[in-house]
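>>> Here is my input; please provide its structure:
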Amino acid sequence: MTYSEAIQFLYQLQMFGARFGLETTRRLAALVGNPQERLRFIHVAGTNGKGSTCAMLESIYRHAGLRVGLFTSPHLVSFAERMQVNREMIPEADVARLVSELQPLLEQFPADAPPTMFEMVTVMALRWFAEQRCDLVIWETGLGGRLDSTNIVTPLASVITNIGWDHQQWLGDTLDKIAAEKAGIIKSAVPVITAAQSGRGLEVITATAQQMNAALTVVSSEDASHLPSRVSLAGAHQRLNAAVAVATVRALAKHFTVEEHALTRGLTTVHWPGRMQVVKTPDGHTLVLDGAHNPEGAVALRAAFEEQFPGARPALLLGVLADKDWRAIVRELAPLAGRIVLAPVSSERSLDPAVMLAACAEICPHTPASVCASVNEALQLLRPEPLVLIAGSLYLLGEVMERLGLSPAPTGDERALNEWTGRAK
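Numbering: from 1, shown residues only. Here you go, the predicted model:
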């Protein structure tokens, strides 16, 4: 099997959509020898900041001399971003091999209910990390926690970054219900670290931790103000994520020795694309890319942008998914802009940008706004602008990064592998 054939096979599994439950993943993992039992994990859930916190943890432990696996989703451009060891993406040859090895095992599942793409990828990652003899795996949930495929592992620590509004159609229509799903990663006697706030899920997490006899560490903005070093990722929200990462490292001190210089080096050098990522173009213009895709993310982005670019009025390129609270995102980000350009996202769930145009006119009636038929058209339109903020969806960022050559692009389109609504490509 070639790499392109492997990607096409994963696309075929996509038609089965998302499945919430652990039985299929456990069964598939058992068929390949339960590789998770040979690994140690930090399991990370939360509404926002999961990826950034995972990146910080990976960076800290790598600088401490460990061989660290990193499992995250979605990817921005290449599928291989999802599985990394010491920040080296999984080689295409290994993707092809793992898919070809697991493919025959799917015959042992009902023909109308084989493993979904994410279940397959979860087990691929476990097998690859075990082959790579990782000392530690930073293991991000896909959606929720309790019934997410990643929840078949028993970690050394469970991290819940925060609780906010997102994926309500799957996780529940109250913050407590969402928190209960995220808190489903908490295991018996396994320490829990969270920056969730009172009235926004903390009570549910606390109760779950008590039920599971799991020591709970609650991280606050006060902790973020006393970090051992600066953080290379911009914004107060990233300093809070860093405080969560530091608290996790402290909680696991008996398992891994991390000297202060490794902690400092990890925080000051961490790189996580698409999160307040500042790019200077050859002609001297500045692009700021951030995947703020829900209301809380938009609030964090606005605060971080105003901190880093005080008084600036950027051109705003905005593209969002229709199943997000896009009105709240527009309300938060549109007032930042001196000009707004709206574009569709390369997803079947994309919101028609013409729908956003009316909201922009209502919220910022004196800010010029226009609609483009594609991201490429929008980028061409914005070329003269000295400062451009690009936000609203990780799908949008992935396409921008690919078109601008900011990330190595695969031979084919792999961004659509992020879809999980159950329609084949």
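>>> For the residue lying closest to Leu417 once chain neighbours are set aside, give me phi and psi.
Beyond its immediate neighbours in the sequence, the residue positioned closest to Leu417 (Cβ to Cβ, 6 or more residues apart in numbering) is Phe79, lying 5.6 Å away. Every residue, glycine included, has its C-beta placed from N, CA and C. Geometry field for Phe79 lists phi and psi as phi -50, psi -30, criterion degrees, to the nearest 10.
>>> Adjust the sequence numbering to begin at 20 for everything that follows.
With the count now opening at 20, the last piece we talked about shows up as Phe98.
>>> give me the number of residues near Met20?
Neighbour count for Met20, taken as other Cβ atoms under 10 Å: 15.
>>> Was I right to think it contacts Val118?
Yes - using Cβ atoms under 8 Å as the test, Met20 is close enough to Val118 to be in contact (6.2 Å).
>>> Find residues that contact each of the two.
The contact sets of Met20 and Val118 overlap at Phe28 (Cβ atoms under 8 Å, 6 or more residues apart in numbering).
>>> picking that back up, which ones are touching the residue nearest to Leu436?
Ile26, Leu29, Val114, Pro429, Glu433, Leu436.
>>> Those residues: which two are farthest apart?
Spanning the widest gap among these are Leu29 and Pro429, at 12.5 Å by Cβ to Cβ.
>>> any low-confidence regions in the chain?
When the per-residue scores of the chain are filtered using pLDDT under 70, the ranges that remain are 34-37, 427-428, 430-431, 439-444.
>>> what residue lies at the spatial centre of it?
Gly70 (4.2 Å; Cα atoms, centre = their mean).
>>> which non-adjacent residue is nearest it?
The shortest distance from Gly70 to any non-neighbouring residue, by Cβ to Cβ, 6+ apart, is to Thr91 (5.3 Å).
>>> How many residues are close by the one you found?
The number of residues packed around Thr91, counting by other Cβ under 10 Å, is 22.
>>> these two touch, right, it and Cys73?
Yes - with contact taken as Cβ under 8 Å, Thr91 and Cys73 are classed as touching, separated by 5.7 Å.
>>> intersection of neighbour lists for those two?
Common neighbours of Thr91 and Cys73 (criterion: Cβ under 8 Å, 6+ apart): Glu159.
>>> on that earlier part again, quick one, what contacts the residue nearest to the centre of the chain?
Under the criterion of Cβ under 8 Å, 6+ apart, the contact partners of Gly70 comprise Thr91, Glu159, Trp291, Arg294.
>>> show me what contacts the second one?
The neighbours of Glu159, taking Cβ under 8 Å, 6+ apart as the test, are Val63, Ala64, Lys69, Gly70, Cys73, Phe90, Thr91, Ser92, Thr169.
>>> try it again with 7 Å
Val63, Lys69, Gly70, Cys73, Phe90, Thr91, Ser92 (Cβ atoms under 7 Å, 6 or more residues apart in numbering).
>>> same question, the third one
Trp291 is in contact with Gly70, Ser71, Ala74, Leu252, counting by Cβ under 7 Å, 6+ apart.
>>> For Arg86, see how far away the residue nearest to the centre of the chain is.
Here the criterion is Cβ to Cβ, to the nearest Å. By it, Gly70 lies 20 Å from Arg86.
>>> Check Thr43 too.
Separation of Thr43 from Arg86 (Cβ to Cβ) stands at 29 Å.
>>> now Val360
Looking at Val360 against Arg86, where the rule is Cβ to Cβ, the gap reads 44 Å.
>>> The two: who's more crowded?
For Val360 versus Arg86, the count of surrounding residues by other Cβ under 10 Å is larger for Val360: 25 against 15.
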